[in-house]
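S.K.: could you work out the structure for the sequence below:
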Amino acid sequence: MKIAACYIRVSTEEQTELSPDSQLKELRRWAAQNGYTIPDRFIFQDEGISGKHTAKRTGFQQMIQAAKEKPKPFDAILLWKFSRFARNREDSIVYKSLLRKQLGIEVISISENIGDDKMSVLMEAIIEAMDEYYSINLAEEVRRGMKEAVCRGKRVSSAAFGYLIENGELVCDPLRAPIVQRIFHDTLSGMSERTLAQQLNEEGVRTAKGGKLEPRTIRYLLKNPVYRGMIRWNEYAKHADRYKNSPDTLLIPGHHPPLISEELWQNTQAILRQREQQRVKYRRAPDGKVRGIFQGMLRCGCCGATMTYSPAAKGYQCCRYARGTCNVSHFLSEARAIKAVETALLFHLKESSFPFEAPSSLSTPTDSSHEMLKRSIQRKLKQAKRAYLEGVDTLDEYQQTKTTLLAELKNIQKTVSVKETASHVSLTPPAPFRIEDFFSSPCPPAAKNALLQAIYEKIVYQKSTQTLLLYYHPFDLFSVLGPPN
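M.R.: Modelled structure (predicted):
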């Protein structure tokens, strides 16, 4: 008797003809008739989970992990239908290839009897395509039904904070509805989202999932038109962007009672628009652009989070304080940070000058082919990580792949660096650069930031003692004390 594993999956409880018990019964019957035995430890199943992706299917991932043991623990994986294995051709191809070609484990559908000749390959591909088509078509039908429900003013999602669901309709939550009304009125009186979040957290108010409120939670609530009696839906937007209006957004009068008046809604939205205009100047720089010379180095002494730079305020603030999860403001002006770090450099380096050549530009053009190769390797690194997290690769396999790819990336960067150096070679050595002139030099913030990052591991700002803790590479520590001037 050959040993087989079986994988059982049902998407919903209504699939009675494909219930876990009935699938297992049929699989055991087929196994007995075809010379297989199914040990209990090799029965893997996922209930109430879609087959579109494998990330949340713990039973599937456990099966793949078990299949990779040596010697191989079973000779085949039995399925009721191939659709139970996956409804995504990409996942199906990846995992079937792993099992069949690398591990020598066959994947068998007992109700879709296909052979092992060349026509069978075509038939299995057709079945996989049909399964994926079914999944895509079902999603479209669901979206169409939800859109129709929204057009009729009906609820298509879970209840918003402040409401409950009774008989399929939204009704006011007697405990949370007053909190929603308070949030709108306090915002109209000038209270910030951050202050509101702190007060409500201190009072023990929590989100529907039990989490603490953040300023963005309050902002989302204030922008939700459900509280003025409307239903909003955008079938094309991601969940995080559904509160943003777009030409595809539907806004329909609902059947539920509003919690606030139309006048209060409009006045609150005017305040939010004004705050949004002010908030733009405090946003982070785009990826790869350095504004502050201490970017990525400064840490909050209270919570340890990174302190981000604000060009408007010309200083740094704890990023968690801005989100309401750190209770202590750690604002530090860049001028004060520069003065403290300059003092430390003069003290530790002893010499008042060091060789440094200020670059004329932040970056130099690189060959497009090198950039394409770098992006390709970075994509492969992400794919390798995903394969490890989903159980396709072991830790050793992932580390080996990662080491190889990083070596390739290093060689490409080295080639680009040699080209850049050759194009900027100087016949005379750089002149000594005084530390006192370094921070005021015209070289870009990115160049200063790169040099400081080479010197310091991190810089921690202790607001209570007005102290900067400078962590030198590798582990030296120097403290610059003293109140601000």
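
S.K.: please count neighbours and contacts with C-alpha atoms only from this point.
M.R.: Will do.

S.K.: for stretch 293-302, what is the spacing between the initial and final residues?
M.R.: 22 Å (C-alpha to C-alpha, to the nearest Å).

S.K.: would you map out the domains in the protein?
M.R.: As given by automatic domain parsing, the domain ranges for the chain are 2-141, 163-282, 298-355+432-480, 368-390+397-417.

S.K.: export those as CSV, with columns for mean neighbour count and mean pLDDT.
M.R.: Formatted as CSV, the domains of the chain follow (neighbours: other C-alpha atoms under 10 Å; pLDDT from 0 to 100):
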stretch, mean neighbour count, mean pLDDT
domain 2-141, 16, 79
domain 163-282, 16, 83
domain 298-355+432-480, 17, 77
domain 368-390+397-417, 15, 74
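
S.K.: could these go into a markdown table alongside distance to residue 152?
M.R.: Shown next, in a markdown table, are the domains of the chain (distance: least, C-alpha to C-alpha, whole Å):
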| stretch | distance to residue 152 |
| --- | --- |
| domain 2-141 | 17 |
| domain 163-282 | 8 |
| domain 298-355+432-480 | 37 |
| domain 368-390+397-417 | 41 |
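
S.K.: residue 151: which of the ones you listed is closest?
M.R.: Proximity to residue 151 (C-alpha to C-alpha) singles out domain 163-282 among the domains of the chain, at 6.3 Å.

S.K.: how far off centre is that closest one?
M.R.: 23 Å (C-alpha atoms, centre = their mean, to the nearest Å).

S.K.: show me what contacts residue 171?
M.R.: Residue 171 makes contacts with 163, 164, 165, 256, 257, as judged by C-alpha atoms under 8 Å, 6 or more residues apart in numbering.

S.K.: pull up the pairing partners for the host helix or strand of the third one, direction included.
M.R.: Translated: residue 165. Per DSSP states H and E: residue 165 is located in strand 163-166. The sheet places strand 163-166 alongside strand 169-172 (antiparallel), with pairing taken from DSSP bridges.

S.K.: next SSE after the strand it pairs with?
M.R.: Next element after strand 169-172 (DSSP H and E): helix 177-188.

S.K.: and that next one, what does it pack against?
M.R.: Judged by 3 or more C-alpha pairs under 8 Å, 6 or more residues apart in numbering; DSSP states H and E, helix 177-188 is in contact with helix 193-202, helix 215-222, helix 262-279.

S.K.: now the ones you listed as a markdown table including distance to residue 184?
M.R.: Shown next, in a markdown table, are these (distance: least, C-alpha to C-alpha, whole Å):
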| stretch | distance to residue 184 |
| --- | --- |
| helix 193-202 | 10 |
| helix 215-222 | 7 |
| helix 262-279 | 7 |
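
S.K.: relative to residue 45, which of those helices is closest?
M.R.: When those are compared (using C-alpha to C-alpha), the closest one is helix 215-222, at 36.4 Å.

S.K.: endpoint to endpoint, stretch 298-312 covers what distance?
M.R.: Stretch 298-312: ends 18 Å apart by C-alpha to C-alpha.

S.K.: centre of the chain to that stretch, how far?
M.R.: 21 Å.

S.K.: other residues contacting that stretch?
M.R.: 281-284, 291-292, 295-297, 315-320, 326, 328, 330, 458-463.

S.K.: helix, strand or coil for residue 309?
M.R.: Reduced to three states with DSSP: H, G, I helix; E, B strand; the rest coil, the structure at residue 309 is strand.

S.K.: and residue 8, that's in a strand?
M.R.: Yes. Under three-state DSSP, residue 8 falls within a strand.

S.K.: make residue 1 into 405 and carry on from there
M.R.: Renumbered: residue one is now 405, and that last one reads residue 412.

S.K.: helices or strands next to the helix or strand where residue 747 lies in the packing?
M.R.: For residue 747, the host element (DSSP H and E) is helix 738-753. Counting contacts by 3+ C-alpha pairs under 8 Å, 6+ apart, helix 738-753 packs against strand 719-722, helix 839-842, strand 881-884.

S.K.: give the pairing partners of the first one; include direction for each.
M.R.: I take that to be strand 719-722. As assigned by DSSP bridges, strand 719-722 forms pairs with strand 711-714 (antiparallel), strand 736-737 (antiparallel).

S.K.: what would those look like in CSV with distance to residue 600?
M.R.: Output for the strands paired with strand 719-722, formatted as CSV (distance: least, C-alpha to C-alpha, whole Å):
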stretch, distance to residue 600
strand 711-714, 22
strand 736-737, 24
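
S.K.: of all those, which one is nearest residue 818?
M.R.: strand 711-714 (30.6 Å).

S.K.: residue 741: which of the contacts of residue 575 is nearest?
M.R.: Nearest member of these to residue 741, counting by C-alpha to C-alpha, is residue 567, at 48.4 Å.

S.K.: contact partners for that closest one?
M.R.: By C-alpha under 8 Å, 6+ apart, the neighbours of residue 567 are 574, 575, 576, 577, 580, 581.

S.K.: with respect to residue 751, which of those is nearest?
M.R.: For the contacts of residue 567, the nearest to residue 751 is residue 580 (58.1 Å; C-alpha to C-alpha).

S.K.: let me see the contact set for the closest one.
M.R.: The neighbours of residue 580, taking C-alpha under 8 Å, 6+ apart as the test, are 565, 566, 567.

S.K.: from residue 604, how far out is the residue nearest to residue 528 when sequence neighbours are not counted?
M.R.: Nearest non-adjacent residue to residue 528, counting by C-alpha to C-alpha, 6 or more residues apart in numbering: residue 518, 7.6 Å away. As for residue 518, its distance to residue 604 is 61 Å (criterion: C-alpha to C-alpha).
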